[in-house]
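Novice: Have a look at this fold, sequence not included:
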C-alpha cells in the first residue's frame, strides 16, 4: 500500500559525497542546472509575453525582454478594456470577466478543501481510533475505491448531478469530491494510527469524551498532515478541468481552468491573443504559486511514502 | 455492550496485551464501551460521499454501458450492442493505440527523468529549495501547461522554434503535425508531473541507509556502479508503486489534448478519454461512452494487476 506520510525524511545531514570539483560532479551540476532551466523558463516566458504587446511580439519573437512593454494583456484578461480597444490590440472583442472566474475558483476549491479534509479526518479517526463492528470491512471497501479511475465515475456522476438539477452550479461541481476521497481518508488514518494511545488515555482520564478528544487533542496534533493534505487538495481542485467542463455551462459556475480554455479557443481575427492569454494564464497560476510559497517547505518534505510493502 | 465484544481481532499478542490494559484504564475512567454509535456519526459524511459518488456511479456506469441513453429519454437496455459497436469501431481502436503511444512516451521519459532528478537531489545536494523548484510545474493546471507550451512551441513565433532555428535546425510544427503531436503532448505532461514523481522517488531514496554507499565507496565503487548495485535494487519496490500510480494517471490524459490540439490533426491526438468525452457530450451517446469507459477500466485493472504482480516478484530479490 502506498501513502503519503507526514514524517519528514530522516534528518541525516551527513555529507554524502566527498566535496571537491570532479568532472563527474561538474557534469551532474550541469544537468541539474539544465533541469532547473527547463523547469523555470516557461514561467519567465509567460511573464515576458504577458507584458508585451501583440503587435510587437510578432516582430521580435526571440527577444528575452518584454517587447513594447504594456499592461494591456492583463487589462484584456480582466475585462478592463473596451471591446473596440481589445480588438485593436489583437484580443477577442467580448471581454472575459476573470474576476468572476477567480471568485468561482476560490469558492469551489475552498468548499471542496474544507469539507473534504474535515469529513475525511472524521472518517479517518473512526477508522483509526474508534472500535466498531465491521470497521475493517468498510475500510477495505474504501481502499478498493482507490483503484477506481476517476474517468469511470465521471459520466454516471454527471447523469446524477443532472438528475439532481445541479448542473451549472458550483455545488454540482463540488459534490463528488466534497465528502471524501479514499486517498484523503487513507492519508489521515495513517497519521491517527501512529498517535500514541497514551495521549488519548490521558485525555479520557481527565474526563474528556471521544468527540472532545478528536477536536481538542487529535485534530491539533494532526495540524501538519492536515495542512499538507489541504494544500494538495486545494491545488488539485483548483487545477481540475475535465469535471468542471462537464458540469458548468455559464459564467455562474465557470472556473478559471475552463475560462482559460475558452479564452484560448476564441481566436480573434488577427491570430491568437498571446499577450492576453499569457496574462490570463498568470492570473490563474498566481494563487497556487502564493499558496505553495507559503507552505513549500512543509509540503516538499512531506511528500513521501510509508509502508511500501 | 461489553468491552470485550468490541475488540477488533489483532494478530500480535503484544498489541493485544496493550489493548487489554488500555481498555481497563478506559473502563475505569469513563465506563466507555463500543464506539458504534459515535463511529456511525463520524463516518456518515464520508460514507455518504463514497456510496453516492463512487460506488453507485461505478455500478451505474457498468449498467449504462448496456443501454442506449441520450440523457433525454430513459436508458433503454440494448445488451451487448455498445460493445459490439466498439469492437467494430476503427476510431476506438485508433484512439486506444494513440493513448498507448502517449502512455509509453510519457511514462518512459518521465520515469527516467524523475529517477535522474531524484538521484541528483540525493547524491548531489539535499537542498529543499531545489526540491521546491522542481515541484513548481506541478502547481500549474494541465490547461495552463498546455497553453504555455502551445505558445513556446508555436511554429511561427514560439521561442522553442526560434532556438531550434538558432541551432541550425528546421522549425517543427510540434502540435500541428500528426507524428509530432502525441510525443509533444506527452513531453508537456512530463514537464508538469516529473517533479512530483521525482519527489516520491526521492523519499524512497531517503530510506536507503547511507552506510551502504559509504561501504561501497571504501571498496572503490564509482557513482555509476553504486546506482546500479545499491540504488536501483533497493528502490525497485517504490519505483514499481510509483509506476502503477503514474500509468493509471497517464491513461486518463484529457486536459492537455483538449487545450492544445482538440484531438487533431485528423484524429492524431484523439486519445481515448477525449473520444469518450466527444461521444457523450458531442453526440450524446452516453451508453456507448460508458461502454468505452468500461473498456478503459478493464485495461487499467489488467495493467494494475500485472504491475502489482511484478512488484511482488521484484521484492524477493532485494535481499
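Specialist: Everything's here; your move. Just so we're clear, the structure is a prediction, and the values are computed from it rather than from any experiment. Numbering: from 1, shown residues only, chains lettered A, B, ... in the order given.

Novice: Now residue B:67, what are its backbone angles?
Specialist: Backbone geometry at residue B:67, expressed as degrees, to the nearest 10, gives phi -130, psi 160.

Novice: ok, and the closest non-adjacent residue to it?
Specialist: Of all residues not flanking residue B:67 in the chain, residue B:75 sits nearest, at 3.8 Å (Cβ to Cβ, 6 or more residues apart in numbering or on different chains). No exception for glycine: its C-beta is placed from N, CA and C like everyone else's.

Novice: Next, name the residue at the spatial heart of chain A.
Specialist: What sits nearest the mean C-alpha location of chain A, by Cα atoms, centre = their mean, is residue A:235, with 0.8 Å.

Novice: Quick check: which element contains it?
Specialist: helix A:223-239 (DSSP states H and E).

Novice: you'd agree residue A:68 is up against residue A:53?
Specialist: Yes: with contact defined as Cβ atoms under 8 Å, residue A:68 and residue A:53 form a contacting pair (4.2 Å).

Novice: I'd guessed the residue nearest to the centre of chain A sits against residue A:287; true?
Specialist: No: counting by Cβ under 8 Å, residue A:235 stays clear of residue A:287, with 9.8 Å between them.

Novice: got a pLDDT number for the residue nearest to the centre of chain A?
Specialist: In this prediction, residue A:235 carries a pLDDT score of 92.

Novice: which residues of the chain score low on pLDDT?
Specialist: Since you didn't name a chain, this refers to chain A. A:1-21, A:83-84, A:90, A:92-96, A:267-270, A:304-309 (pLDDT under 70).

Novice: hm, I was asking about chain B
Specialist: B:1-33, B:312-319.

Novice: Of all residues in it, which one is closest to chain A?
Specialist: For chain B and chain A, the shortest gap (Cβ to the nearest Cβ) falls at residue B:49, measuring 2.4 Å.

Novice: Would you mark the buried spots in the helix or strand hosting that residue?
Specialist: Assigned by DSSP H and E, residue B:49 belongs to helix B:36-50. For helix B:36-50, burial by neighbour count (16 or more other Cβ atoms under 10 Å in any protein chain shown) applies to B:38-39, B:42-43, B:45-47, B:49-50.

Novice: Return the list of helices and strands in contact with it.
Specialist: helix A:98-129, helix A:135-145, helix A:170-178 (3 or more Cβ pairs under 8 Å, 6 or more residues apart in numbering or on different chains; DSSP states H and E).

Novice: Is it possible to get CSV of those that adds distance to chain B and mean neighbour count?
Specialist: Formatted as CSV, the helices and strands packed on helix B:36-50 follow (distance: least, Cβ to the nearest Cβ, whole Å; neighbours: other Cβ atoms under 10 Å in any protein chain shown):
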stretch, distance to chain B, mean neighbour count
helix A:98-129, 4, 22
helix A:135-145, 5, 16
helix A:170-178, 4, 23
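
Novice: Of all the ones you listed, which one comes closest to residue B:137?
Specialist: helix A:98-129 (19.0 Å; Cβ to Cβ).

Novice: For the residue nearest to residue B:67, give me phi and psi.
Specialist: Residue B:75 adopts backbone torsions of phi -60, psi 140, taken as degrees, to the nearest 10.

Novice: That one reaches residue B:68, doesn't it?
Specialist: Yes: counting by Cβ under 8 Å, residue B:75 touches residue B:68, with 7.1 Å between them.

Novice: For the stretch 101-250 of chain A, which residue gets nearest to chain B?
Specialist: Proximity of the stretch 101-250 of chain A to chain B (Cβ to the nearest Cβ) peaks at residue A:179, 2.4 Å away.

Novice: Neighbours of that residue, how many?
Specialist: Other residues near residue A:179 come to 26 when the count uses other Cβ atoms under 10 Å in any protein chain shown.

Novice: That one and residue B:48: what is the separation?
Specialist: 6 Å (Cβ to Cβ, to the nearest Å).

Novice: Return the residues in contact with the residue of chain B closest to chain A.
Specialist: A:119, A:176-180 (Cβ atoms under 8 Å, 6 or more residues apart in numbering or on different chains).

Novice: run the last query once more with 6 Å
Specialist: A:179-180 (Cβ atoms under 6 Å, 6 or more residues apart in numbering or on different chains).

Novice: Then residue A:256?
Specialist: A:101, A:105, A:284.

Novice: now those in CSV, with distance to residue B:254?
Specialist: CSV is the format used below for those (distance: Cβ to Cβ, whole Å):
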residue, distance to residue B:254
A:101, 20
A:105, 19
A:284, 18
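
Novice: one step back: does the residue nearest to residue B:67 touch residue B:65 like I think?
Specialist: No: at 10.3 Å, residue B:75 does not count as touching residue B:65 under the criterion of Cβ atoms under 6 Å.

Novice: between those two, which one's more packed in?
Specialist: Higher neighbour count among residue B:75 and residue B:65: residue B:65, with 25 against 18, using other Cβ under 10 Å.

Novice: okay, now residue B:63: neighbour count?
Specialist: 15.

Novice: what's the helix or strand for it?
Specialist: Judged by DSSP H and E, residue B:63 forms part of helix B:56-64.

Novice: Contacts made by that helix with the rest, please.
Specialist: A:148, A:152-153, A:156-157, B:287, B:290, B:293.

Novice: So which of those is the closest to residue A:258?
Specialist: Among the contacts of helix B:56-64, and counting by Cβ to Cβ, the member closest to residue A:258 is residue A:157, at 17.0 Å.

Novice: Stretch B:92-110 vs chain A: in contact?
Specialist: No: Stretch B:92-110 stays clear of chain A (Cβ under 6 Å from any Cβ of the partner chain), getting no nearer than 11.4 Å.

Novice: buried set for that stretch?
Specialist: B:92, B:95-96, B:98-99, B:101-103, B:105-107, B:109-110.

Novice: How far off centre is that stretch?
Specialist: On the basis of Cα atoms, centre = their mean, to the nearest Å, stretch B:92-110 sits 14 Å off its chain's mean C-alpha point.

Novice: Check what contacts it and list those residues.
Specialist: B:86, B:182-183, B:186, B:189-190, B:194, B:197, B:247, B:250-251, B:253, B:270-272, B:275.

Novice: Of the residues you listed, just the buried ones, PyMOL syntax please.
Specialist: Restricted to buried positions by 16+ other Cβ under 10 Å, the PyMOL selection for these reads:
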select buried, chain B and resi 86+182+186+189+190+194+197+247+250+251+253+270+271+272+275
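
Novice: hmm, which two among the contacts of stretch B:92-110 are most spread apart?
Specialist: B:86 and B:194 (33.6 Å).

Novice: Correct me if wrong: residue A:178 contacts residue A:113.
Specialist: No: counting by Cβ under 6 Å, residue A:178 stays clear of residue A:113, with 9.6 Å between them.

Novice: Report how many residues lie close to residue A:188.
Specialist: 26.

Novice: My error: substitute residue B:299 in the last question.
Specialist: Residue B:299 has 16 nearby residues by other Cβ under 10 Å.

Novice: what's the answer for residue A:35, then?
Specialist: So residue A:35, with other Cβ under 10 Å, has 21 neighbours.

Novice: helix/strand/coil for it?
Specialist: helix (DSSP: H, G, I helix; E, B strand; the rest coil).

Novice: Next one: it from residue A:45, what distance?
Specialist: Distance from residue A:35 to residue A:45, by Cβ to Cβ: 17 Å.

Novice: now residue A:292
Specialist: Distance from residue A:292 to residue A:45, by Cβ to Cβ: 19 Å.

Novice: Name the nearest residue to residue B:221, sequence neighbours excluded.
Specialist: residue B:229 (7.1 Å).

Novice: which of the residues in the helix or strand residue A:294 falls within are buried?
Specialist: Element membership of residue A:294 [criterion: DSSP H and E] is helix A:274-302. Within helix A:274-302, the residues scored as buried using 16+ other Cβ under 10 Å are A:274-285, A:287-288, A:291-292, A:295-296, A:298-302.

Novice: near chain B at all, that helix?
Specialist: Yes: using Cβ under 6 Å from any Cβ, helix A:274-302 reaches chain B at A:274, A:281, A:284-285, A:288, A:292, A:296-297, A:300.

Novice: That's all I had, so thanks and see you.
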